[in-house]
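Participant: Need the 3D shape of this:
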Amino acid sequence: EKVLWQFCLPLFGSVVFQQLYNLADSWVAGKFIGENALAAVGNSYEITFLDGAGNEIQKGNVAYGEMPVYSGATPIKAADAQYTYIFSGWDPAVTDAATVTGDVTYSAQFTSSLNTYTVTWKNGDTVIETDSNIPYGTKPEYNGSTPEKVLDAQYTYTFSGWDPAITDAITVTGDVTYTAQFTGTKRKYDVVFDANGHGTAPAKIEGVEYGSSIAEPTALSETGYTFGGWFKESGCQNEWVFASDTVGGATTLYAKWTLNSHKVKYVYTDTTPAGAPAIADAAKDYGITVQVAEKPALAGYTLSDWTTMDVTVTGGSFVMPDTDVTFTARWTANTNTPYTVEHYQQDVAGDGYTKKAAEDLTGTTAQQTAAAAKEYEGFTVKEFSQKEISGDGTTVIKIYYDRETFTVTWKNGEATLKTDTGVRYGAKPVYT
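Facilitator: Presented below is the predicted three-dimensional model:
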């Protein structure tokens, strides 16, 4: 209880003191200011503070006669493109003499400063000029040399202005970057034809616009070579396709050539004997020196010299022309081809034949032999046939002769003792 009294006594004292103050204030106001002021004593009023945008930033009741006090953060007004704003006070003004006598709204007041900006000028990704602290509303102005853009294979470039565009109505309203703009003019190139060592090259084509195709010139020709089109390199790896390829710069096209190759043939005329060696056709390049083939040999035949109407042969060789070459030759059968005729006589016993004689004869190869039977006493020639004479001299004709047979009669006086028939010529008669 004692603690409660200790706590309440100060409160009670402050209340008594406040009442005494109010009595004194009322007496002064009533005597010196008037009845209205006397009526306001003891009242409080609504005091409102607004920021630069008209938003309420503080609101509260303040007793009559007291000074209004703003206790918040310094009011701000958002900068716009043209100005930056600085707080300069309140409207109505808050002064030492401005005491509360009623509800009041105080609006924040600001001074303004004109904004400045940076204007950047670029050529591609390169900054070519920077203008700092340019006041709002000023017309942008580039002071450097005319921007340039390096030509490329497709275009040459001419400066055409800025992006964004600068017109009479354009002024600085913020940081801005202007990038140089260019118009491109397609470049033109010459196309040169290189005959690559053969034929006559077409005239060059002048002033072909980048990306354009060109007409295919007339095909070239050269004796001994075949023209194979136009290529992008002297080594002729990649062909220029006139239907689809386009000019992309100074261009040289190279002719492709293939050295012609033709056959050298060796042909037998008339009848070719069996076994005659064939000479295979040989491919030979134009312009080289070719040795005429040796004449093949065939037993029993003689081959004439190789002849041709296609080239001139000198010393057994010729220069290969731009065409096939055919040589011809003719086989002639030898007339002195040897062959043998053998003569065989029947043995006395009649069980075989023994060579009696042989003849070495000659005749024309592939013709019939001329074998002739001999006349042998006691012998009769058997039928035989002629043969074709082989060119290798191995032909043999065998002629056989049978012994003539006789009858041997054995007598004793006039009486016949025995008769032996079929006794061969040259056999010894034997009486048994």
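Participant: Give the pairing partners of the helix or strand where residue 284 lies; include direction for each.
Facilitator: If you go by DSSP states H and E, residue 284 is part of strand 282-285. With DSSP bridges as the test, strand 282-285 is paired with strand 261-269 (antiparallel).
Participant: Extract the C-alpha set from the partner strand and format it as CSV.
Facilitator: Extracted C-alpha coordinates of strand 261-269, given in CSV (Å, rounded to 0.1, in the frame of the first residue of the first chain):
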residue,chain,number,x,y,z
SER,A,261,44.4,-41.8,-125.4
HIS,A,262,43.7,-43.9,-128.4
LYS,A,263,44.2,-47.6,-129.4
VAL,A,264,47.0,-49.0,-131.5
LYS,A,265,45.6,-52.1,-133.2
TYR,A,266,47.4,-54.9,-135.1
VAL,A,267,45.1,-56.8,-137.4
TYR,A,268,45.7,-59.7,-139.7
THR,A,269,44.1,-59.5,-143.2
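Participant: Check which residues of that strand are buried.
Facilitator: Residues 262, 264, 265, 266, 268 are the ones in strand 261-269 that count as buried (16 or more other C-beta atoms under 10 Å). In this view, the C-beta of every residue, glycine as well, is placed from N, C-alpha and C.
Participant: What of stretch 132-144?
Facilitator: Residues of stretch 132-144 classed as buried by neighbour count (16+ other C-beta under 10 Å): 134, 136, 140, 142.
Participant: what's in contact with that stretch?
Facilitator: Stretch 132-144 has contacts (C-beta atoms under 8 Å, 6 or more residues apart in numbering) with 81-83, 114-119, 121, 128-129, 131, 162, 166, 170-173, 176, 178.
Participant: which among those end up buried?
Facilitator: 115, 117, 119, 121, 129, 131, 162, 166, 172, 176, 178.
Participant: closest to residue 68 among those?
Facilitator: residue 115 (33.2 Å; C-beta to C-beta).
Participant: Name the nearest residue to that closest one, ignoring sequence neighbours.
Facilitator: residue 136 (4.8 Å; C-beta to C-beta, 6 or more residues apart in numbering).
Participant: now swap in residue 432 and tell me
Facilitator: That would be residue 418: by C-beta to C-beta, 6+ apart, it lies 7.9 Å from residue 432.
Participant: Counting neighbours, what do you get for that neighbour?
Facilitator: Residues near residue 418, counting by other C-beta atoms under 10 Å, number 11.
Participant: hang on, isn't it packed against residue 409?
Facilitator: Yes: contact criterion C-beta atoms under 8 Å: residue 418 and residue 409 qualify, at 7.4 Å.
Participant: Do a quick rundown of the helices in the chain.
Facilitator: Counting by DSSP state H, one finds helices in the chain at the ranges 2-28, 35-40.
Participant: Pick out the shakiest of those helices, pLDDT-wise.
Facilitator: Sorting the helices of the chain by mean pLDDT places helix 35-40 lowest, at a mean of 47.
Participant: How far off centre is stretch 177-193?
Facilitator: From the chain centre to the centre of stretch 177-193 is a distance of 26 Å (C-alpha atoms, centre = their mean, to the nearest Å).
Participant: do stretch 326-343 as well
Facilitator: Distance, centroid of stretch 326-343 to centroid of chain: 66 Å (C-alpha atoms, centre = their mean).
Participant: Look at it and report the distance between its end residues.
Facilitator: Stretch 326-343 has its terminal residues 49 Å apart, counting by C-alpha to C-alpha, to the nearest Å.
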